[in-house]
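> whatever this is, show me its structure:
(2 chains)
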Amino acid sequence: DIQMTQSPSSVSASVGERVTITCRASQGISTWLAWYQQKPGKAPKLLIYAASSLQSGVPSRFRGRGSGTDFTLTINSLQPEDFATYYCQQANRFPLTFGGGTKVEIK
Amino acid sequence: QVQLQQSGPGLVKPSQTLSLTCAISGDNVSSNSAAWNWIRQSPSRGLEWLGRTYHRSEWHSDYALSVKSRIRINPDTSKNQFSLQLNSVTPEDTAVYYCALTPRQWLVLGGVAEELYAFNMWGQGTMVTVSS
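Numbering: from 1, shown residues only, chains lettered A, B, ... in the order given. Below you'll find the model as predicted:
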């Protein structure tokens, strides 16, 4: 199985700040990576697919980059509604696997 | 707009069978452009993909090795839904269970097209507790 490792596990930031989350795959996955946002008590929501493609309706302050084994999700100018947990997922090899999550908290 | 509506019991006794259903609106379970998945989430295991069913001229299913001996995911074309059955449950199967859709998407890299499996629609989740 492909292991997905996210860092940090949590980050504190203020509204308006920029936050970057890292995801590393245990083997190369080209750009077959997705990012999700999850709020308490809700299902995850797809933000980005193919490492950098923004899902329809997702604000442009979310940016995904990377290929191979190293990926980042950057949230520019954090908004109050962005405080949540974020997960990466490798999207090509079965079993599909997720990272452990990064919680973005209010400073 | 596709919507997925889950139903099923929130409490299952150890050694019994966990059964959940996911009703689809806005798409068809028999679509050749979609796959229908079950995922669970627990504090100890995080988000864990369990399996999927999909139709490509005939029905197919794929399962995670961790549950392969105990799981069945079946389509129900008459009701446009799909179901999860997990047998011989233990307290370790306690989790929030989600159904989710992966549309058929292709990435072409270096002249080679491969499928991308991203979950672009999720059910609301069902908390299932395994306890006597």
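> chain B: strands as residue ranges?
B:3-7, B:11-12, B:18-25, B:34-42, B:46-55, B:59-63, B:71-76, B:81-86, B:95-103, B:105-109, B:112-116, B:121-122, B:126-130 (DSSP state E).
> average pLDDT for the last one, rounded please.
Average pLDDT, strand B:126-130: 98.
> quick check: which of the strands of chain B is nearest to residue A:79?
Across the strands of chain B, the minimum distance to residue A:79, taken as CB to CB, is reached by strand B:121-122, at 22.0 Å. Heads up, the C-betas are built off the backbone N, CA and C, glycines and all.
> quick one, the helix or strand bottoming out on mean pLDDT in chain B and strand B:112-116 angle?
Lowest on mean pLDDT, DSSP states H and E among the helices and strands of chain B sits strand B:105-109, with a mean of 85. Orientation of strand B:105-109 against strand B:112-116 (axes from the mean of the first three to the mean of the last three CA atoms, to 10 degrees) gives an angle of 140 degrees.
> where in chain B is pLDDT low?
Applying pLDDT under 70 to chain B picks out no residues at all.
> any idea which residue sits dead centre in it?
residue B:38 (1.7 Å; CA atoms, centre = their mean).
> ok, that one touching residue B:99?
Yes. Residue B:38 lies in contact with residue B:99 (CB atoms under 8 Å); the separation is 5.8 Å.
> what is in contact with these two at once?
Common contacts of residue B:38 and residue B:99, defined by CB atoms under 8 Å, 6 or more residues apart in numbering or on different chains, comprise B:20, B:22, B:84.
> residue contacts, the second one?
Under the criterion of CB under 8 Å, 6+ apart, the neighbours of residue B:22 are B:4, B:5, B:6, B:36, B:38, B:81, B:82, B:83, B:84, B:99, B:123.
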